[in-house]
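*Asks:* Predicted coordinates and the sequence they were generated for:
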Amino acid sequence: MPTPGSIFISYRRSDSIEATGRIYDYLEGHFGREHVFKDVDSIPLGVNFREYLDQEVGRCKVLVAVIGPTWLTVVGADGKRRLESPEDFVRIEIESALRRKIPVIPLFVNNAAMPNKAELPGELKALPDWQSMVIRHDPDFRRDVKKLIQGIESIMGQSQSPQARPVSPAKGIESIMGQSQSPQARPVSPVSPPRSSGSRQRNRPKTRAIPWLRLAIVLGLYGFQGWFWALGAPAEAWAVAVAVAVVGAVAVAVVEGWAGAVAVAVAVAVAMAVAWAVVLAVAWAVVVAGAVALIWTGRKLKAHFRPIQVFGILGGTETAGLIAGALLGFFSSP
């Protein structure tokens, strides 16, 4: 049974049980088991289950509605959508929170998106009016759950004065942080324009995209290094290029944020220190430009790919550029 001021997690077991379990573990570890309520394990005999669920939701201060890919479409034994049934537990839980003006956080997992209002029955049509949040897969999972925890902390500590009014949303889950649970409180209006048939696309996580222009610049710079070496540049220039390519790719792939840039800068500095002074200035300029392009491209790739994938893309581009430039230099030299 949830305690007053706790967190109620509403979800479908057939839709998002694994993702909800991980989210619950993090919330329980932060807020304590007594403040996080996930399952109605048993409803006492001889009670009205709608009234019972309404009472349990009423004890909570925030309801997290976990929505997976089949949350809207899962059907019951009669072949109809479970959400259409007034006896559906998930529908009862969310509608109870909406009626009581309890803050509702639509939480999308496994690439799910907010349904259109026309697809939702009854009082659930108000659900899209609440600012939502996406929980992505690793390596972004912990970062997203941390934002969720910060938002819930703000809700749990907000005033319950009857005069309190909801504040304008900021971004992500912060949109409902300052609103009250008073009878006069209303759901926060989202920052984005009113949802239309394109709302699914706006709620989807960013699709993976390869930055072709940046990779082309990396390819060209390392191609120039290969060409420069093939025409007879000092061996030290070639060593510097290889060192920067390998160390830089690894650093950007596995190190977070600006630390990756620092790691590449250190690699370049070390390579320069051991190189002979006879290496031409243009060779150094190309090497440094290649390292900068590597950082620039790697930071873009990190937003969409795993570290090992980033390493593969950068390493493959560098290698292709060096080989192509070297072949061009060999065949074009007199």
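*Replies:* Noted; the coordinates are in hand.
*Asks:* nearest spatial neighbour of Pro139, skipping sequence neighbours?
*Replies:* Nearest non-adjacent residue to Pro139, counting by Cβ to Cβ, 6 or more residues apart in numbering: Arg306, 6.8 Å away. In this view, the C-beta of every residue, glycine as well, is placed from N, C-alpha and C.
*Asks:* pLDDT score for that neighbour?
*Replies:* With respect to pLDDT, Arg306 scores 79.
*Asks:* what about it, distance to Val145?
*Replies:* Counting by Cβ to Cβ, to the nearest Å, the gap from Arg306 to Val145 is 18 Å.
*Asks:* Give me the more crowded residue out of those two.
*Replies:* Val145 (20 against 14; other Cβ atoms under 10 Å).
*Asks:* my guess is the more buried one meets Tyr26, correct?
*Replies:* Yes - the pair Val145 / Tyr26 is scored as a contact, 4.8 Å apart, by Cβ atoms under 8 Å.
*Asks:* quick one, what contacts Asp138?
*Replies:* Listed by Cβ atoms under 8 Å, 6 or more residues apart in numbering, the contact set of Asp138 is empty.
*Asks:* Assign it to helix, strand or coil.
*Replies:* Three-state assignment for Asp138 (DSSP: H, G, I helix; E, B strand; the rest coil): coil.
*Asks:* Got the phi and psi for it?
*Replies:* phi -60, psi 150 (degrees, to the nearest 10).
*Asks:* In stretch 220-233, which residues are buried?
*Replies:* Buried residues in stretch 220-233, defined by neighbour count with 16 or more other Cβ atoms under 10 Å: Gly220, Leu221, Tyr222, Gly223, Phe224, Gln225, Gly226, Trp227, Phe228, Trp229, Ala230, Ala233.
*Asks:* And the helices in the stretch 201-334 of the chain, which stretches?
*Replies:* Assigned by DSSP state H, counting those that start in this stretch, the helices in the stretch 201-334 of the chain fall at 212-230, 235-254, 257-274, 281-302, 307-332.
*Asks:* And these, which one averages the lowest pLDDT?
*Replies:* Minimum mean pLDDT among these: helix 257-274, a mean of 58.
*Asks:* returning to what we had before: out of the buried residues of stretch 220-233, name the two that are farthest from one another.
*Replies:* Farthest pair in the buried residues of stretch 220-233 (Cβ to Cβ) is Gly220 and Ala233. Separation: 17.0 Å.
*Asks:* my read: Ile149 touches Tyr26, true?
*Replies:* Yes - with contact defined as Cβ under 8 Å, Ile149 reaches Tyr26; the gap is 7.1 Å.
*Asks:* can you pull the contacts of the residue nearest to Lys38 when sequence neighbours are not counted?
*Replies:* Nearest residue to Lys38, sequence neighbours excluded (Cβ to Cβ, 6+ apart): Ile9, at 4.6 Å. Going by Cβ under 8 Å, 6+ apart, Ile9 touches Thr20, Ile23, Tyr24, Leu27, Val36, Phe37, Lys38, Leu63, Val64, Val66.
*Asks:* And the third one, how far from Trp71?
*Replies:* It stands for Tyr24. 17 Å.
*Asks:* When the two are compared, which one has more neighbours?
*Replies:* Trp71 (24 against 20).
*Asks:* Look at the more buried one and give its secondary structure.
*Replies:* From three-state DSSP, the assignment for Trp71 is coil.
*Asks:* What's the separation between it and Ile94?
*Replies:* 11 Å.
*Asks:* Which residue ranges make up each domain of this structure?
*Replies:* Using automatic domain parsing, the domain ranges for the chain come out as 6-203, 212-332.
*Asks:* so where's the stretch 1-150 of the chain uncertain?
*Replies:* Scanning the stretch 1-150 of the chain for pLDDT under 70 picks out the ranges 1-5, 40-43.
*Asks:* Tabulate the contacts of Ile9 in TSV, adding columns for secondary structure and distance to Glu119.
*Replies:* Below are the contacts of Ile9 laid out as TSV (DSSP: H, G, I helix; E, B strand; the rest coil; distance: Cβ to Cβ, whole Å):
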residue	secondary structure	distance to Glu119
Thr20	helix	22
Ile23	helix	24
Tyr24	helix	27
Leu27	helix	28
Val36	strand	29
Phe37	strand	27
Lys38	coil	26
Leu63	strand	20
Val64	strand	21
Val66	strand	18
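*Asks:* Name the nearest of those residues relative to Ala293.
*Replies:* Ile23 (38.5 Å).
*Asks:* okay but the closest one is in contact with Val66, surely?
*Replies:* Yes - judged on Cβ under 8 Å, Ile23 makes contact with Val66 at a distance of 6.9 Å.
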